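**Q** Give me a 3D structure for the following:
(chains A, B, C and D)
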Protein chains: 2
Amino acid sequence: MVSRVRSFNRTVTQRAGALNDAFLSRDRPLGQARLLWEIGPDGSDVRRLRARLDLDSGYLSRLLRALENAGLVIVEPSGADGRVRTVRLSAAGLAERAVLDQRSDEAAAAVLGPLTPCQRARLVQAMAETERLLTASAVEVAERDPRHPDARFCLQAYFGEIGRRFDGGFDPARSLISDDEMTPPAGLFLVASLHGEPVGCGGIRFRTGAPAYIKRMWVSPAVRGLGLGRRLLAELEARAVARHAPAVQLETNRTLSEAITMYRSAGYQEVAPFNDEPYAHHWFEKAQGDNWREG
Amino acid sequence: MVSRVRSFNRTVTQRAGALNDAFLSRDRPLGQARLLWEIGPDGSDVRRLRARLDLDSGYLSRLLRALENAGLVIVEPSGADGRVRTVRLSAAGLAERAVLDQRSDEAAAAVLGPLTPCQRARLVQAMAETERLLTASAVEVAERDPRHPDARFCLQAYFGEIGRRFDGGFDPARSLISDDEMTPPAGLFLVASLHGEPVGCGGIRFRTGAPAYIKRMWVSPAVRGLGLGRRLLAELEARAVARHAPAVQLETNRTLSEAITMYRSAGYQEVAPFNDEPYAHHWFEKAQGDNWREG
DNA sequence: TGCATTCTCTGACTATAGTCAGGCAATCGC
DNA sequence: GCGATTGCCTGACTATAGTCAGAGAATGCA
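**A** So this is what the prediction gives:
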């Protein structure tokens, strides 16, 4: 399998690499073109760009100056924070970006060009599958403090979403778990990131000799269908096993049907309510060790 | 479809680009590492390397010198031609290349790592399909004189192959077509290339008011299954149409079963022998205009 | 044999990518 | 209010990639 992946890398970097460079190298250096592209039609904060492109602040500053001198971008102080600066494309910058866009379209069309319609359809489908799975593999899962900005972002997104989905809304204050309980050694909190941006989370609380308790499982809509929920769950379960938890418990709301399906297919069995979580309709449990009788 | 291709390019250059760079950038500059890799365990002519990597001769010379000074390669005069020099890896160079190889393996394994076995299988399959079709799309077809080195290469390969496959061998001298007949204006010859290397060919001879005659269709074993035979055939037919040929004819040997299948599925109908080609067992014809009655 | 070509190498360049240290202003936290 | 931090900028670097012109030796061709 590894050799297949390598062979793919080789072919694709030859082909797509050529594409990418061609689309960028108009008459402008690649770095500038990439930046121009990344700024986007709606503009962006300089620090966002720095994080996204992973550039040295000095280098980015210089690139921006070059684009500014070329009349392609306008750099202004951001309203809220006087230190932050925002960049947006000027009319000329937008035009330039449109050209890049068109070149990119043409390059992509040139890939499809020599193929028969049937081959094209198959290629596009295979590309979509490859892309989805490569994206899934690019997601990184790491332990984080629940108070970490990335964790907070996920939790806010989670609360926002269930607030919209639960029949009577959702009030985090009524919840049965606190940040402290998902912080070592009482428990832990996992955040999944894609290209540095948080896209999913899940927390667990350990109780000596008793089932571990999973809470706050969330996957960003942007990456759903990549198996991330299952992966987070597996990672949490692995940590429960490492802590000798005999089983893992969780509960969920009836409106979260995908989650319920996922829990069932991951081996969770519905059990009688083991707590009085006000928003729960289903309680699940999965044995982890040999020392737990099926409930 | 174009946007799907672009999205793929974006994702994959991020991911595979990182891969490729990571695998190369050990402590050596990327250009040197790529060269080290490309020299391969069996060594290579300098001019081959220059063609394959598409490098400036001065630049390549300098890269070789750097590798030589580092004790990784040995550059010697080639035996046959005093101008040409050959490069081979020293023991240290082989070791270095093995390290690159291993890094590359590790990088590929890291892609598969976060996925479930099922996802891995799907990814590998989708990658293989994408690679096959991207390769197919990278093949370029161009008119060439049959005496051009690339054309000669294909013809030699073709003669060699049918010499092995035909029951009683094959003698090109007994063939019914000459180079002149596949040269404009009498006819033309197409050569398919992949990354500059010839991988297929096909010739056609025109006869005013009579069917055009296709000959010397060959596809390198390395690229079989990519639809290149069909593509060459379609290109030849298009040129026959442009020359107002009412139909296209060809004949083939019974041992070339894949070719026979391909001709049939491309719309060719078997007809009575229209010539006395000594090596033929099947004669095919396909109408191109409206002014040709089915044979 | 003589002339053009091929192959490799050297020297002299340029441009891009990227790093590092430090400075200045705005903001945050106590 | 004050110190630490953040965000952006400038200056001074280095290294890599790549180009261009030309030299010198070997070879091919007439």
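
**Q** Where does A:E285 sit: helix, strand or coil?
**A** strand (DSSP: H, G, I helix; E, B strand; the rest coil).

**Q** my read: it touches A:Y268, true?
**A** Yes - contact criterion CB atoms under 8 Å: A:E285 and A:Y268 qualify, at 6.7 Å. Every residue, glycine included, has its C-beta placed from N, CA and C.

**Q** what about stretch A:151-163 and DNA strand D, touching?
**A** No - residues of stretch A:151-163 are not located near DNA strand D by CB under 7 Å from any atom of the strand, the shortest gap being 14.7 Å.

**Q** right, is that stretch up against DNA strand C?
**A** No - Stretch A:151-163 stays clear of DNA strand C (CB under 7 Å from any atom of the strand), getting no nearer than 12.7 Å.

**Q** Contacts for that stretch next, please.
**A** A:144-146, A:169-170, A:172, A:189, A:191, A:198-201, A:216, A:218, A:220, A:253, A:256, A:279 (CB atoms under 8 Å, 6 or more residues apart in numbering or on different chains).

**Q** State whether A:D101 is indeed within a helix.
**A** Yes - using three-state DSSP, the assignment for A:D101 is a helix.

**Q** That one - how many residues pack around it?
**A** When neighbours are defined as other CB atoms under 10 Å in any protein chain shown, A:D101 has 14 of them.

**Q** Show the pLDDT at it.
**A** Here the pLDDT value assigned to A:D101 is 84.

**Q** how about the residues of the stretch 151-295 of chain A near DNA strand D?
**A** Residues of the stretch 151-295 of chain A lying near DNA strand D (CB under 7 Å from any atom of the strand): none found.

**Q** Let me see the contact set for the residue of the stretch 151-295 of chain A found nearest chain B.
**A** Nearest residue of the stretch 151-295 of chain A to chain B: A:G227, at 6.3 Å (CB to the nearest CB). For A:G227, the contacting residues are A:A136, B:L115, B:T116, B:Q119, by CB under 8 Å, 6+ apart.

**Q** so how far is A:S257 from it?
**A** 17 Å (CB to CB, to the nearest Å).

**Q** same deal with A:P278?
**A** 20 Å.

**Q** tell me, how many neighbours does the spatially closest residue to A:H282 that is not a sequence neighbour end up with?
**A** Nearest in space to A:H282, with sequence neighbours left out and distances taken as CB to CB, 6 or more residues apart in numbering or on different chains, is A:T252 at 5.3 Å. Each residue near A:T252 was counted by other CB under 10 Å, and the total is 22.

**Q** which ones are touching A:T252?
**A** A:A259, A:I260, A:Y263, A:A280, A:H281, A:H282, A:F284.

**Q** What residue spans form the domains of chain A?
**A** A:2-114, A:140-287 (automatic domain parsing).

**Q** want to try CSV for those, with distance to B:A234 as columns?
**A** What follows is the domains of chain A, written out as CSV (distance: least, CB to CB, whole Å):
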stretch, distance to B:A234
domain A:2-114, 11
domain A:140-287, 38
